[in-house]
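Undergrad: Would you be able to build a 3D model of this:
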Amino acid sequence: MSAMQRVASYEHKNDYFYLILRETPEHGSGAYVLCCGINMPRFDPICWGKAGICSNPAFKGLQQLRADVSAFAMKMGKRTRNAEQFPCGPITPPVGNGWYRETPLLIEQASPAEIKKFLQFSVLDLVKTVLTVCAPGAKVPSRLPTPPAMQKFLDALNVKNFREAAPPPIAKFQGDR
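TA: This is a model prediction of the structure:
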């Protein structure tokens, strides 16, 4: 790919997560790579203490997203495959400081209109998956809100003093035995 070639990019970024569908002409016409990640500490005020030790619903939701996007692609007659060689780093927040990134996923032979549907599906699927555990009563928007509106929606679900409000740990220290 020429350094001067323009590529399309469809994005939804806020302080909680990012989803980027970037055109990759080097993989053929209609090829796009999904780069996605979450800021786990940003979800803590919503998710803290809701799923037990080592079960972060935001982390699990991001992992599940790849499978859900692949299933969505199959329903649309599209194919997906790993794209771990794709460098998402330059277009996403750096890993660390709470950010976790999932392995990129290649979507083949999709039109820009279809990719917009993938973006909407991905954003709403990720939020629904996480909130199913963290805020089961929350009504997720049926249409894709803007990134700032989605952030405001998620901010409204934050629990003040979330660490203190969480249920007690599953296992409690019993002293020396």
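Undergrad: how close does the residue positioned nearest the centre of the chain get to Phe17?
TA: The chain has Leu62 as the residue nearest its centroid, 4.6 Å off, counting by C-alpha atoms, centre = their mean. As judged by C-beta to C-beta, to the nearest Å, Leu62 and Phe17 stand 7 Å apart. The C-beta positions use only the backbone N, C-alpha and C, and glycine is treated the same way.
Undergrad: list residues touching both of the two?
TA: Cys36, Gly37, Ile38, Leu126 (C-beta atoms under 8 Å, 6 or more residues apart in numbering).
Undergrad: Packing partners of the longest helix along the chain?
TA: Longest helix in the chain by number of residues, with DSSP state H as the criterion: helix 112-134. Using 3 or more C-beta pairs under 8 Å, 6 or more residues apart in numbering; DSSP states H and E, the elements in contact with helix 112-134 are strand 9-13, strand 17-23, strand 32-39, helix 40-47, helix 57-75, helix 147-156.
Undergrad: How far off centre is the last one?
TA: Once both centres are worked out by C-alpha atoms, centre = their mean, to the nearest Å, helix 147-156 turns out to sit 14 Å from its chain's centre.
Undergrad: And for the third one?
TA: Distance of strand 32-39 from its chain centroid, counting by C-alpha atoms, centre = their mean, is 6 Å.
Undergrad: same for it, what does it pack against?
TA: Secondary elements touching strand 32-39 (3+ C-beta pairs under 8 Å, 6+ apart): strand 17-23, helix 57-75, strand 99-101, strand 105-108, helix 112-134.
Undergrad: 6 Å - rerun?
TA: Packing contacts for strand 32-39, counted by 3 or more C-beta pairs under 6 Å, 6 or more residues apart in numbering; DSSP states H and E, involve strand 17-23, strand 99-101, strand 105-108.
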